[in-house]
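Undergrad: here is a sequence together with a model predicted from it:
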Amino acid sequence: MQVKLALLADYANVTAEGKLNILGIFDRISVNEIPAVHPQMHLILRLEAHPAERDRSHNVEIRLYDPDGQTVFEVKGDVVPQGGVGQTIATNQILTLNNLQLSKSGGYTFVVLVNNDLKSEVPLGVELDTAAFQPPVGGDISIH
């Protein structure tokens with residue numbers, strides 16, 4: 001089983017006809033302070049299985065590593081490709097991440113493993129927005 005598509009987006013869904021809709025693809029976010037909480041993002045995967053892999057269970061594991069290589073979270077599940085005989089089988093997976101805790105700025109990485117084999121990496125840069133803390137040019141700040 002291969003990962004044909006792996007990305008982060010603001011939103012995604014799959015229609016009844018099997019069409020994958022993706023809105024707001026990104027690979028970095030700006031935060032006003034650290035630690036930060038990102039309210040919602042979606043990790044979208046398109047997995048493709050060879051016809052010989054049909055009807056066999058495949059373990060899919062997703063991990064998020066922080067800039068220091070520490071595991072932020074991991075999720076595991078099984079995917080069983082089902083489809084016509086002799087056809088490549090594709091499946092779309094959308095992982096919704098709510099209130100993701102980001103304790104550091106820098107480069108985070110989502111890794112996708114299938115049957116304990118690294119198949120894809122998705123970067124997420126977390127940048128501190130220093131402009132939010134800058135006084136206006138030529139302006140004075142006084143604290144009373």
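TA: Done, it's in. Numbers count the residues shown, from 1 in each chain.

Undergrad: C-alpha only now, for contacts and for neighbours.
TA: OK.

Undergrad: where does the protein dip in pLDDT?
TA: Residues of the chain meeting the criterion pLDDT under 70: 132-144.

Undergrad: from residue 126, how far off is the most centrally placed residue in the chain?
TA: Using C-alpha atoms, centre = their mean, the residue of the chain that lies closest to the mean C-alpha position is residue 43, 3.3 Å off. Going from residue 43 to residue 126 by C-alpha to C-alpha, to the nearest Å gives 16 Å.

Undergrad: could you do residue 94 as well?
TA: For residue 94, the distance to residue 126 - C-alpha to C-alpha - is 21 Å.

Undergrad: also residue 40?
TA: Separation of residue 40 from residue 126 (C-alpha to C-alpha): 14 Å.

Undergrad: so who does residue 71 touch?
TA: Applying C-alpha atoms under 8 Å, 6 or more residues apart in numbering to residue 71 gives the contacts 63, 64, 65.

Undergrad: which stretch of helix or strand covers the residue nearest to the second one when sequence neighbours are not counted?
TA: Spatial nearest neighbour of residue 64, excluding adjacent residues (C-alpha to C-alpha, 6 or more residues apart in numbering): residue 110 at 4.4 Å. Residue 110 is located in strand 106-114, with elements delineated by DSSP states H and E.
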